[in-house]
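S.K.: I'll drop the sequence and a predicted model, then ask my questions.
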Amino acid sequence: MFIFAALVNSEEDRTKLEQIYIKYKNLMYYIANDILKNTHEAEDVVQNSIIKIANYIEKIDDINCNKTKSLIVTIVKSTSIDVYRKKKDNYIIDIDETGNRIESDEPPLDDLIIRLEESEELSKKLAELKSEYADILMLKYYHQFNDKEIAGVLSLKNENVRIRIYRAKIALKKVMLKD
């Protein structure tokens, strides 16, 4: 935490950054871990998010208000999504994880294989779309972000998000019907 405190100039801002970290570190970790499903990467995201928050520290008046919490959540989500996008091409399933999944109360292995094949097929179809369409559909339906969150992550206006989702659906439908 002391390294992060060196990012801000005044003692007041250092104290504010430290209070933000103490108050929101668990929430930040929870959000990052929920998106990434990896504890080490979630910890890295929390650290990177604190660095980003330090850039906005002058604009934060009250650390206990919803506006501050919203800013922190937005920063953590977008940072987590950036990390997720970078690692999604290198996704590896741990053998221990699959063993636990088979022994649990989850659906039978056949159902999981069918779902995997369907998701692979959908991933192939999404890969055929423009990246801006594929990204917005992933945020909307896979990550279940609302339009406002998507607008924050992609730096778009809410109306542009709705239009892009509409266009992405049409493009995906065309790709699906092409086969």
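M.R.: Nice, I can see it. Numbering: from 1, shown residues only.
S.K.: From here on, just use CA atoms for contacts and neighbour counts.
M.R.: OK.
S.K.: The lengthiest helix in the chain: which residues count as buried?
M.R.: When the chain is scanned for its longest helix (criterion: DSSP state H), the result is helix 11-36. Counting neighbours by 16 or more other C-alpha atoms under 10 Å, one finds that the buried residues in helix 11-36 are 13-14, 16-18, 20-21, 24-25, 27-33, 35-36.
S.K.: do the same with stretch 46-56
M.R.: Of the residues in stretch 46-56, those scored as buried under the neighbour-count criterion (16+ other C-alpha under 10 Å) are 46-54.
S.K.: quick one on the thing from earlier: now the longest helix of the chain, how far from the centre of its chain.
M.R.: Shown here is helix 11-36, whose average C-alpha point lies 16 Å from the average C-alpha point of the whole chain (C-alpha atoms, centre = their mean, to the nearest Å).
S.K.: what does stretch 140-159 give?
M.R.: When distances are taken as C-alpha atoms, centre = their mean, stretch 140-159 is centred 11 Å away from the chain's centroid.
S.K.: Let's see that stretch as CSV, backbone CA atoms only.
M.R.: Backbone C-alpha positions of stretch 140-159 (Å, rounded to 0.1, in the frame of the first residue of the first chain) are rendered in CSV as follows:
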residue,chain,number,x,y,z
LYS,A,140,-24.3,-8.1,-22.6
TYR,A,141,-25.0,-11.9,-22.5
TYR,A,142,-22.0,-13.7,-21.1
HIS,A,143,-21.0,-11.2,-18.5
GLN,A,144,-24.5,-9.9,-18.0
PHE,A,145,-23.6,-6.3,-18.0
ASN,A,146,-26.3,-3.7,-18.3
ASP,A,147,-26.2,-1.0,-21.0
LYS,A,148,-24.8,1.6,-18.6
GLU,A,149,-21.9,-0.7,-17.5
ILE,A,150,-21.2,-1.5,-21.1
ALA,A,151,-21.1,2.2,-22.0
GLY,A,152,-18.6,2.8,-19.2
VAL,A,153,-16.3,-0.1,-20.2
LEU,A,154,-16.4,0.7,-23.9
SER,A,155,-16.5,4.5,-23.5
LEU,A,156,-19.8,4.9,-25.4
LYS,A,157,-23.0,6.7,-24.9
ASN,A,158,-26.0,4.6,-23.6
GLU,A,159,-27.9,5.1,-26.9
